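**Student:** Coordinates only, no sequence provided:
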């Protein structure tokens, strides 16, 4: 039986919401009992339920000791609960980009940041969303809830980056930005509405609700928000079933992002406090959708996914959720708690229920799985990262579809997950032991705080030199790095890559090896080279002037028609060597002195080349053979990294984070009046 919650929720519906719910119930009556078989053997419906700032340990089925069991836990009993399911990134916008496109957000030019309400940034138009791929396959596409992938392109009210223009034909009520900290109406984090002009201004500029492309609330009125989103879903699903059309529906909950809100039916009903109340509201919403699918007779032809965009915002005390035994949370791409989240898939009658799956999978696999089940093909204009989980779900194999997962913080590769191992290059700072004493005096945070400041570099991030190798399956808390030969770890550390702010090429550094310099056949990717004093295998001894290295490299380059085109960047600002490109018939190599060291400095013992890269095959194994414990693991990671980096190019995000496109209800936003609560309007 479906669970009920206290309170007469229908009595608080607006007239518009009751109309929408009435339409859904009417569709149920029209479809009748014939719906149970009309989609038999056809393309499955696809339902994606998506939580916000939700940790691995927040559900009862994932071990929370006091959170009440609910509909999402029941979903796990009817399907598969994944224990090693990873988000695409550790903060909202980039992770949702990964969900919508099946690609790592860094490939799309996305940094470790989010789209603000006033900017013109958006999901690149060349990257197809799941809705855009499924529509030509005959799917009805709809969504409600949090979007956070762009709003306006050129004017404060054009809405050209909203989901309606990215393949979702039926869009209900959406939060195009987020349920932001400033949206708080409780008085815990900011003065209540009407009590402080500055707080009201921030609330109005960050908190708004759309119905499709029409701004209907500014700021958001949280009263019955969850029920409103459910009514949107019910109306869409009922119509799609009545039309005998397979559907994709994306219900992106605003829970459990701060500010916390609950409709009165769930207030103070959870032993887990206000965070638990939020989960109970999501449970109710999920249950309403599942009940409708059963009533319409299409539950056995609907595959449902549940997950979260990333880990919990642990710095927010009792309002931040938990990653259980995993360390880290939102914003932490090097720690398991920032990226490993709940992942549940249910498909009654097709997937065996009550199964616990330990295979390593990614949120981006939802895209590939849905396309596979719909009978489509993956986009071919870009490198794709998601893999179909269909063989795993149907029991055709029991292993991960991924050779490895790559954990990025913006454009920085923080770690690589390979089988049971994780090689971590950088480590973000976690909250200190006295954090709760200083910031959680009332059980909730005194500010929207991040211990590491969302940084991928700098004082809050430690460079692991040598990198850390961990066995994540036996050490999920990441407390006991494995002992690995230092020389080999240093070799792997040299492969850490970041992106140039001006070039799509990836910087890749190896130890100097004269034999790895480009040959005249043009068949190998050219690597940069670094010589370290005291390293016996260095081809360029300490004290070699950068000018000598340039000559050596130039002499080894080809000057004939076999030379393929290269793009070169100079790392050093001291050498005076120009940036430019090598074309056929020109010398291809430049070497540069290390940054901060003069080219003729005899103490220069860290000489780094400029980056050159060919269009040839990926590099083979590194020149230094591994030795010591876990040599095979490190060799495999080395080869996988080289192959992965050879595929990396980076797009340019459209737009910029400007400050003049904040949505506003007024036709003249300069008058400073941006407050509205309009009836919902029909989609265009």
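**Tutor:** Structure received. Since the model is a prediction, treat every value here as computed from it, not as a measurement.
**Student:** what's the longest helix that the chain contains packed up against?
**Tutor:** The longest helix of the chain (DSSP state H) is helix 273-296. Using 3 or more Cβ pairs under 8 Å, 6 or more residues apart in numbering; DSSP states H and E, the elements in contact with helix 273-296 are helix 15-31, strand 45-51, helix 71-78, helix 225-242, strand 302-308. In this view, the C-beta of every residue, glycine as well, is placed from N, C-alpha and C.
**Student:** Dump the ones you listed into CSV; add mean pLDDT and mean neighbour count as well.
**Tutor:** Shown next, in CSV, are the helices and strands packed on helix 273-296 (pLDDT from 0 to 100; neighbours: other Cβ atoms under 10 Å):
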stretch, mean pLDDT, mean neighbour count
helix 15-31, 42, 16
strand 45-51, 98, 24
helix 71-78, 97, 21
helix 225-242, 96, 24
strand 302-308, 98, 25
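**Student:** Export those as JSON lines, with columns for distance to residue 166.
**Tutor:** Formatted as JSON lines, these follow (distance: least, Cβ to Cβ, whole Å):
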{"stretch": "helix 15-31", "distance to residue 166": "23"}
{"stretch": "strand 45-51", "distance to residue 166": "15"}
{"stretch": "helix 71-78", "distance to residue 166": "27"}
{"stretch": "helix 225-242", "distance to residue 166": "16"}
{"stretch": "strand 302-308", "distance to residue 166": "19"}
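**Student:** And these: which comes nearest residue 104?
**Tutor:** Closest of those to residue 104 is strand 302-308, at 16.4 Å (criterion: Cβ to Cβ).
**Student:** Can you give the contact residues for that closest one?
**Tutor:** 44-55, 72, 75, 79, 85, 87, 286, 290, 293, 341-347, 350-351, 363, 366, 369-370, 373 (Cβ atoms under 8 Å, 6 or more residues apart in numbering).
**Student:** That strand vs helix 71-78, what angle?
**Tutor:** With axes from the mean of the first three to the mean of the last three Cα atoms, to 10 degrees as the basis, strand 302-308 and helix 71-78 are set at 120 degrees to each other.
**Student:** okay, now residue 243: neighbour count?
**Tutor:** Counted by other Cβ atoms under 10 Å, the residues lying close to residue 243 total 12.
**Student:** Give me the local confidence score for it.
**Tutor:** Listed pLDDT for residue 243 reads 96.
**Student:** do the same with residue 560
**Tutor:** Reported pLDDT for residue 560: 28.
**Student:** same deal with the one 3 residues further on?
**Tutor:** Taken from the predicted model, the pLDDT recorded for residue 563 is 27.
**Student:** for the one 3 residues further on, same thing?
**Tutor:** The pLDDT attached to residue 566 in the predicted structure is 29.
**Student:** Likewise for residue 185?
**Tutor:** Per-residue pLDDT puts residue 185 at 79.
**Student:** ok, now the one 4 residues further on?
**Tutor:** Per-residue confidence at residue 189 stands at 76 (pLDDT).
**Student:** Return the residues in contact with it.
**Tutor:** Residues near residue 189 by Cβ under 8 Å, 6+ apart: 181, 258-259, 444-445, 448.
**Student:** do the same with residue 91
**Tutor:** By Cβ under 8 Å, 6+ apart, the contact set of residue 91 is 112-114, 310, 330-331, 454.
**Student:** Please identify which of the residues you listed is nearest to residue 392.
**Tutor:** Minimum distance to residue 392 across those is 22.6 Å, recorded for residue 310 (Cβ to Cβ).
**Student:** and residue 165, how many neighbours?
**Tutor:** 17.
**Student:** do the one 10 residues further on as well
**Tutor:** The burial metric for residue 175, expressed as a neighbour count using other Cβ under 10 Å, is 26.
**Student:** and it, bridged to which residues?
**Tutor:** For residue 175, the beta-bridge partners under DSSP bridges are residue 146.
**Student:** For it, give its distance to residue 289.
**Tutor:** Distance from residue 175 to residue 289, counting by Cβ to Cβ, to the nearest Å: 18 Å.
**Student:** ok, now residue 242?
**Tutor:** Using Cβ to Cβ, residue 242 is found at 16 Å from residue 289.
**Student:** Most neighbours among the contacts of residue 189, please name it.
**Tutor:** Within those, most neighbours by other Cβ under 10 Å means residue 258, with 26 neighbours.
**Student:** okay, that residue: pLDDT?
**Tutor:** As predicted, residue 258 sits at a pLDDT of 84.
**Student:** my read: it touches residue 314, true?
**Tutor:** No. Residue 258 sits out of contact with residue 314 when judged by Cβ atoms under 8 Å, with a separation of 12.0 Å.
**Student:** What residues sit buried inside the longest strand out of those in the chain?
**Tutor:** In the chain, assigned by DSSP state E, the strand with the most residues is strand 461-471. For strand 461-471, the neighbour count (16 or more other Cβ atoms under 10 Å) marks 461, 464, 466-471 as buried.
**Student:** What strands flank that strand, and is each parallel or antiparallel?
**Tutor:** Here, using DSSP bridges, strand 461-471 pairs with strand 421-428 (antiparallel).
**Student:** which element follows the partner strand toward the C-terminus?
**Tutor:** helix 435-439 (DSSP states H and E).
**Student:** mean confidence score for that following helix?
**Tutor:** Mean per-residue pLDDT for helix 435-439: 72.
**Student:** Kindly report the same for stretch 364-383.
**Tutor:** Rounded mean pLDDT across stretch 364-383 is 96.
**Student:** Between the two ends of that stretch, what distance do you get?
**Tutor:** 13 Å (Cα to Cα, to the nearest Å).
**Student:** ok but residue 171 is inside a strand, no?
**Tutor:** Yes. Residue 171: assigned to a strand according to DSSP: H, G, I helix; E, B strand; the rest coil.
**Student:** Relative to residue 181, how far out is the nearest residue to it once chain neighbours are set aside?
**Tutor:** Of all residues not flanking residue 171 in the chain, residue 212 sits nearest, at 4.2 Å (Cβ to Cβ, 6 or more residues apart in numbering). Shown here: residue 212 relative to residue 181, a distance of 26 Å by Cβ to Cβ.
**Student:** now swap in residue 126 and tell me
**Tutor:** In this view, residue 126 and residue 181 are 33 Å apart by Cβ to Cβ.
**Student:** Repeat that for residue 416.
**Tutor:** Residue 416 sits 33 Å away from residue 181, going by Cβ to Cβ.
**Student:** Tally up the residues packed near residue 473, please.
**Tutor:** The burial count for residue 473: 14, using other Cβ under 10 Å.
**Student:** and it, what helix or strand is that in?
**Tutor:** Counting by DSSP H and E, residue 473 is part of no helix or strand.
**Student:** Could you do residue 249 as well?
**Tutor:** Counting by DSSP H and E, residue 249 is part of strand 247-252.
**Student:** Going by neighbour count, list what's buried in that strand.
**Tutor:** Neighbour-count burial for strand 247-252 flags 247-252 (criterion: 16+ other Cβ under 10 Å).
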